[in-house]
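Colleague: Sharing a model prediction with you, sequence too.
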Amino acid sequence: MNPPAISIGREHDACGVGFIAARDRVASFRMTRLAVDCLRRLDHRGAKAADGTGDGAGLLTQIPHKLIARELRVRGREIDPDRVGVVMCFLPPDDAAASRSLVGEALEAEGIRLLMWRSVPIDPSVLGEHALEVLPLIEQAIVTSDDSGADFDRALFLARKRIERGANPGFSVPSASSRTVVYKGLFTASRIADFYWDLRDPDFETAFAVFHQRFSTNTFPSWDNAQPFRVLAHNGEINTIQANRSWMEARERGATPGVWGERLPDVFPFLQPELSDSASLDNVFELLLQSGRSLPHVKEMLIPAAWENVTDLSPELEAFYGYHAFLTEPWDGPAAIAACDGVSLLAGMDRNGLRPARWTVTPDVLIVASEAGVCPEEESRATSTGQLGPGELIFFDGVTGEIGQSREVKERLAEAMPYADWVDTEALHIRAPFDPLNDDRFDAGALTRLFGYTAEERRLILSPMAQGATPTGSMGDDTGLAVLAERPRRLTRYFHQMFAQVTNPPMDPIREKLVMSLRIQLGRRGPILEESPSQAHLIELASPILSDAELEAIVRSGDRRFFSHWIAATWPRAEGPAGMRSRLDEICAEAADAVRLGASILVLSDRETSADDAPVPILLVVGAVHHHLIDQGVRGEVSLVVVSGEPRDSHDIAALIGFGASAVNPYLAIDQVIDLARSGMIEVDPVTAQEN
């Protein structure tokens, strides 16, 4: 009989996630049963279709060595458990033989021996109609190797990468490890042990489990998108996913070997295509773990706590976060995560902490879950309890059995390397004031007409901002879609409908300064798979909005490693639209050539606009150059700085940054607020107006 689902009110708006770990690290069937019960009690956190098909649920556990050894003995084999691995496979029913052959070839190429194929016993009758229609063949490749531990897992990682590069649609590998295995699928949490008979087998023993019940929002449910993935499970959405994926692709092209040596090309691609946001985060988590970083290190690198405006943060920890901001941007929005590196486990929150994660320590187990009440028989024996706050984590050391709280774990990370020395000696900080005059500017009146500035924008948008207020209007925006407009609209207006499909409230870096940051770095990015002082050699800006003085300081820094190249984003007006397309190709080619010749900062400018030369829409230029440099494998070596008269509101700036710009000098908007101040239309001085 299934235990009752514990429901808190009518909260059904987020995935259920957590882990349970035996404090003595001894595998047992009791822990398997407790893990199944924890997951069942999160059933209310999931969604399901009318036919009963669930959004997805699953468990990540230790390999059940006792069960696997029993199966091997039937075939006359006795293998050291430390040298046994399991490759969990979802095989397409109409292509199973070819898929098995692909797996065998990939394993052989990595020096891994295939011992047997094992059909995982299941009960399809518990599935909904759709889940049954798309049900894959679920089989396990039981393997062995002369290696063990991390070396064995790294070989399995490379084998899986080889499999993924050659796999046909419908084939996926939920896990490939010498330590863990994933059981998941398109059912609800309450049916996992009804579907997977292994989870009811007394020989299925584990010392820990990560559990997850999915509530799908931005990706259609599928067998491979169910969680946990190979390392983690989480209950939010990655709000920054398009940029995160784009930047990882750029870093892939500029990666250096690190622990992989000559095998680095075999690690590509870093991200599997056409997977969910959660799966992409898992790809990066796994890559960094396999490349030598620890579980807490990866979490604080990819999902950092708020740090820039935290007054009681130690200098060492501030330097740790500052250094890693040079390596990668945050994957923002995953809320709570539960992760496992095969030995240890971690639960953590993102900097906003908008969804709960509660922990319970008993004499026998550590439980972390998205709510209390998932394991009553253990929680009733609690010796201590708590809830993770924004940016916090709890860490279970699978080697020592110690439970590490957030502060102590982070302090150890901060002390591992001299991050403060690296940041202090390598980074160049630029902060220059706005110009009170700008009297040498060319004809601003003609430019405002060319870039489409209106009296309404000056009065309703620029004037409030120049006075330090937020422009306000009616609820929502009833302006028609740009693509249907009869009059020309600037290119950023075609992207107003792009938004994060989550329940998180809108935030801004002024009211939410504790968790938001405008800090920007410029220059050649260091490789993400390694750690060295040179990776901190970047220009750091307090904001992506540049004054003229800051722009001048950047392009004339005097540091040869910050060599900049200025590209005019204009085209001869007489050549018409065809001329603009041709010029765009020329800009992309010039940008790539400049990077190869040593430029680490590219300035894309329409200041060169004249009666004969028209500006190319600056968002088009940024997007084209960004992706061309990715295609050329040099995007990580350069930052894009925009100098344009076109952007004049927060959406314009956000779109430019989203498409690849690091900083923007909106020179015409700056001129406009100076004019508003000088003319007396606003009651602030010109410098204050620009700062606002």
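Modeller: Alright, I've got the coordinates. Residues are numbered from 1 along each chain as shown.

Colleague: for stretch 194-207, the distance to its chain's centre please.
Modeller: 33 Å (C-alpha atoms, centre = their mean, to the nearest Å).

Colleague: Can you report the mean pLDDT over the residues of it?
Modeller: What stretch 194-207 shows for mean pLDDT is 97.

Colleague: Kindly export it (C-alpha atoms) in CSV.
Modeller: Output of stretch 194-207 as CSV, limited to C-alpha atoms (Å, rounded to 0.1, in the frame of the first residue of the first chain):
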residue,chain,number,x,y,z
ASP,A,194,5.2,-0.3,-9.3
PHE,A,195,6.9,0.4,-12.7
TYR,A,196,10.5,-0.5,-11.8
TRP,A,197,10.4,-3.9,-10.0
ASP,A,198,14.1,-3.5,-9.1
LEU,A,199,13.1,-1.0,-6.5
ARG,A,200,11.1,-3.7,-4.7
ASP,A,201,13.9,-6.2,-4.8
PRO,A,202,15.5,-6.8,-1.4
ASP,A,203,18.9,-7.0,-3.1
PHE,A,204,18.6,-3.4,-4.3
GLU,A,205,20.7,-1.7,-1.7
THR,A,206,21.9,1.9,-1.6
ALA,A,207,23.3,4.3,0.9
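
Colleague: and stretch 322-332, which residues are buried?
Modeller: 322-328, 330-332 (16 or more other C-beta atoms under 10 Å). Using the backbone N, CA and C atoms, a C-beta is placed for each residue, glycine as well.

Colleague: In TSV, list these along with distance to residue 91, secondary structure and pLDDT.
Modeller: Shown next, in TSV, are the buried residues of stretch 322-332 (distance: C-beta to C-beta, whole Å; DSSP: H, G, I helix; E, B strand; the rest coil; pLDDT from 0 to 100):
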residue	distance to residue 91	secondary structure	pLDDT
322	46	helix	92
323	44	helix	92
324	39	helix	93
325	42	helix	90
326	43	helix	89
327	38	helix	90
328	35	coil	90
330	36	coil	90
331	31	coil	90
332	35	coil	83
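
Colleague: Now tell me which helix or strand of this protein has the poorest mean pLDDT.
Modeller: helix 444-450 (a mean of 77; mean pLDDT, DSSP states H and E).

Colleague: Which secondary structure elements does it sit against?
Modeller: helix 667-678 (3 or more C-beta pairs under 8 Å, 6 or more residues apart in numbering; DSSP states H and E).

Colleague: May I have whichever helix or strand comes after the helix it packs on exported as PDB, CA atoms only?
Modeller: Next in sequence after helix 667-678, counting helices and strands by DSSP states H and E, comes helix 686-691. Only the C-alpha atoms of helix 686-691 are listed here, as PDB (Å, rounded to 0.1, in the frame of the first residue of the first chain):
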ATOM      1  CA  PRO A 686      23.500  67.300 -16.500                       C
ATOM      2  CA  VAL A 687      25.900  65.000 -14.700                       C
ATOM      3  CA  THR A 688      23.200  63.800 -12.300                       C
ATOM      4  CA  ALA A 689      20.800  63.300 -15.200                       C
ATOM      5  CA  GLN A 690      23.300  61.000 -17.000                       C
ATOM      6  CA  GLU A 691      24.100  59.000 -13.800                       C
END
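
Colleague: I'd like to know which elements helix 686-691 is packed against.
Modeller: helix 667-678.

Colleague: Can I get the helix it packs on in PDB? Just the C-alpha atoms.
Modeller: Provided in PDB are the C-alpha atoms of helix 667-678 (Å, rounded to 0.1, in the frame of the first residue of the first chain):
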ATOM      1  CA  TYR A 667      25.700  58.200 -26.700                       C
ATOM      2  CA  LEU A 668      22.500  59.700 -28.200                       C
ATOM      3  CA  ALA A 669      20.400  58.900 -25.100                       C
ATOM      4  CA  ILE A 670      23.100  60.500 -23.000                       C
ATOM      5  CA  ASP A 671      23.000  63.600 -25.200                       C
ATOM      6  CA  GLN A 672      19.200  63.700 -24.800                       C
ATOM      7  CA  VAL A 673      19.200  63.800 -21.100                       C
ATOM      8  CA  ILE A 674      21.900  66.400 -21.100                       C
ATOM      9  CA  ASP A 675      19.700  68.500 -23.300                       C
ATOM     10  CA  LEU A 676      16.700  67.900 -21.000                       C
ATOM     11  CA  ALA A 677      18.700  69.100 -18.000                       C
ATOM     12  CA  ARG A 678      20.200  72.200 -19.800                       C
END
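
Colleague: outside of that helix, which residues touch it?
Modeller: Under the contact criterion C-beta atoms under 8 Å, 6 or more residues apart in numbering, helix 667-678 has outside partners 434, 436, 438, 441, 444, 447-448, 451, 453, 458, 462-463, 465-466, 547-548, 607, 643-648, 682, 684-686, 688-690, 692.

Colleague: For that helix, buried residues please.
Modeller: Buried, per 16+ other C-beta under 10 Å, within helix 667-678: 667-677.
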